[in-house]
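Q: here is the input, now give the coordinates:
(one chain, ligands or ions: 2)
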Amino acid sequence: MTGRTSLTIVLAAGEGTRMRSSTPKVLHQVAGQSLLAHVLDAAPHGAGTSLAIVVGPDHQPVAEEAKRVRPDVATFVQRERLGTAHAVLAAKAAIAGGADDVLVAFGDTPLISAETFERLRAPLKAGAALVVLGFRAADPTGYGRLLVEGDQLVAIREHADATAAERAVNLCNAGVMAFDGRTALKIIEQIGCANSKGEYYLTDAVEVVRAMGLQATVIETGEDEVRGINTKAQLAEAEAIMQARLRQAALDAGVTIVAPETVYLAADTTFGKDVTLEHFVVIGPGVSIGDGAVIHAFSHLVQATIGNNTSIGPYARLRPGTSVGEGARIGNFVETKAAILEAGVKVNHLSYIGDTHIGAGANIGAGTITCNYDGFNKHKTMIGAGAFVGSNSSLVAPVTIGAGAYIGSGSVITRDVADDALAVERSPQVAKEGWATRFRDTKARAGKSK
Ligand code: UD1
Ligand code: MG
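A: Ligands and ions are numbered 1, 2, ... in the order given. This next block holds a predicted model:
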């Protein structure tokens, strides 16, 4: 928002025990990226913004993930888990930095959008001291209830502390809040712990705001955007919602998706014009697909760059470090890894291409295997432009096949091949005239039938 600076504090000190996992809760993934990364991506970016994360002790991997996604993040540790207000105060030094708007979000709500963060900030500009994100819950059990009078928020009552009448309210606290930076610290420091759990509840900020004669208000959003993840079932629900969003965005951008419900995308997948995705295509993180590319059914792509007018699959597996040049074709049951295929390369059937560079227009026959691993190290295979590798060849790396060279089918190539040379490595063929007839006669005499 123009003119106002912001600090976003993301709380991620949760234990996540209900995930029944040794991975910290916020590092679980939706659409190929961590829950935390989704929240950090949505939080305000760029000039005039700053970011803080509050993690639990022993949560180094969480801090590292935050740094990877947003190198500008400041990390704070909440040593004891004494409630959401206590967690925010762990980042007191960041608040003291004096941002105009102080936003608080939870690290386990990956579906939150950048627009919602901005909407939440608007009433601060109009004079509110606190803005709370609310939603209408289909089942409000467990959520804090927003108690409103007109357009004023008067209190948030945690489920455990609510009366029967308050529990009937379905307007709930999503957990995302925006404070006016001038009063944020003063408000949060006044929060006590007189509730059934004996925790410092950030939600009590509303009553402090009221007591100070300031204003608190609510902005509403849809329930899907604020779903918090506490269990594996909720993680799967969030994945479904995110996939529906990503498919819709791809369709809106002009991607043809034959059976959208069967296709899985990553949050960072990018598409050119006139891309087609057939049934059951799975795309992991780090994939970009160029204009006119067709990804045929049952293909699996991760960290791969797919050029214009290419054809991939069906049943192709493109692993990290794959780059497919313009007009190239990768056919069925082909696996690639750290493989650069220049324009017009064909690898049409049943191959493994790893740690390999293939020059423009080369043809790799069915069943070609690059033998890149000797049990200790990985080695490179270089194949020159226009080379022709006959079917069922093994290329034992490190090895270089020259431009325009031919490899006879079934060869095991262990030495470099010069440009435009033919290399064949196999036993000479033996032909024995009439052998089959004699063999059958011998067997028949011995009383055997076929
Ligand atoms: C909280 C809200 C509730 C809201 C709900 C929405 C409070 C008191 N309650 O309840 O009104 O409806 O979220 O999902 O805020 N955390 C810390 N340190 C702590 C405690 C919590 O970092 O000491 C973090 C957790 O990691 C989590 C977030 O704060 O990301 C919320 O904590 P949680 O215990 O899940 O609160 P809820 O009971 O869900
Ligand atoms: Mg929660």
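
Q: could you use CA atoms for every contact and neighbour count after this?
A: Will do.

Q: can you tell me the closest non-neighbouring residue to residue 98?
A: residue 181 (6.3 Å; CA to CA, 6 or more residues apart in numbering).

Q: mind checking pLDDT for that neighbour?
A: On pLDDT, residue 181 comes in at 98.

Q: who are the neighbours in contact with it?
A: 95, 98, 99, 100, 101, 102 (CA atoms under 8 Å, 6 or more residues apart in numbering).

Q: what's the answer for residue 269, then?
A: Neighbours of residue 269 in contact, by CA under 8 Å, 6+ apart: 283, 284, 285, 286, 287, 288, 289.

Q: repeat that for residue 276.
A: Applying CA under 8 Å, 6+ apart, the residues contacting residue 276 are 255, 256, 257, 258, 292, 293, 294, 295.

Q: which two among the residues you listed are spaced furthest apart?
A: 258 and 292 (14.8 Å; CA to CA).

Q: who has more neighbours, these two?
A: Counted by other CA atoms under 10 Å, residue 258 and residue 292 do not tie: residue 292 has more neighbours, with 20 against 14.

Q: any idea how far the more buried one is from residue 352?
A: As judged by CA to CA, to the nearest Å, residue 292 and residue 352 stand 25 Å apart.

Q: also residue 215?
A: 64 Å.

Q: ligand 1 contacts on the stretch 101-250 of the chain?
A: 106-108, 143-144, 158, 172-175, 201-203, 228 (CA under 6 Å from any ligand atom).

Q: packing partners for the strand ranked longest in the chain?
A: Using DSSP state E, we find that the single longest strand of the chain is strand 171-180. Applying 3 or more CA pairs under 8 Å, 6 or more residues apart in numbering; DSSP states H and E, one finds that strand 171-180 contacts strand 101-106, helix 114-125, strand 130-136, strand 145-149.

Q: would you mind identifying the next helix or strand past it?
A: helix 184-189 (DSSP states H and E).

Q: may I see the buried residues of that next one?
A: 184, 185, 187, 188, 189 (16 or more other CA atoms under 10 Å).

Q: for the fourth one, give me its contacts.
A: The contact partners of residue 188, taken as CA under 8 Å, 6+ apart, are 85, 89, 202, 205.

Q: for residue 81, see how far away the third one is.
A: In this case it means residue 202. Applying CA to CA to residue 202 and residue 81 gives a distance of 13 Å.

Q: out of these two, which sits in the busier spot?
A: In terms of neighbours (other CA under 10 Å), residue 202 is the more surrounded of residue 202 and residue 81; the figures are 22 against 15.

Q: so what's the more buried one scoring on pLDDT?
A: Reported pLDDT for residue 202: 97.

Q: likewise for the one 10 residues further on?
A: The predicted local distance difference test score for residue 212 is 97.

Q: for it, grab phi and psi.
A: Here is the backbone geometry of residue 212 (degrees, to the nearest 10): phi -80, psi 0.

Q: now swap in residue 197 and tell me
A: The phi and psi values for residue 197, taken as degrees, to the nearest 10, are phi -90, psi -10.

Q: next: residue 256.
A: phi -90, psi 120.

Q: nearest residue to it other than its sequence neighbours?
A: Nearest to residue 256 is residue 276, by CA to CA, 6+ apart, at 4.6 Å.

Q: who's the one you found bridged to?
A: residue 256, residue 294 (DSSP bridges).

Q: for ligand 1, see how far away it is.
A: 38 Å (CA to the nearest ligand atom, to the nearest Å).
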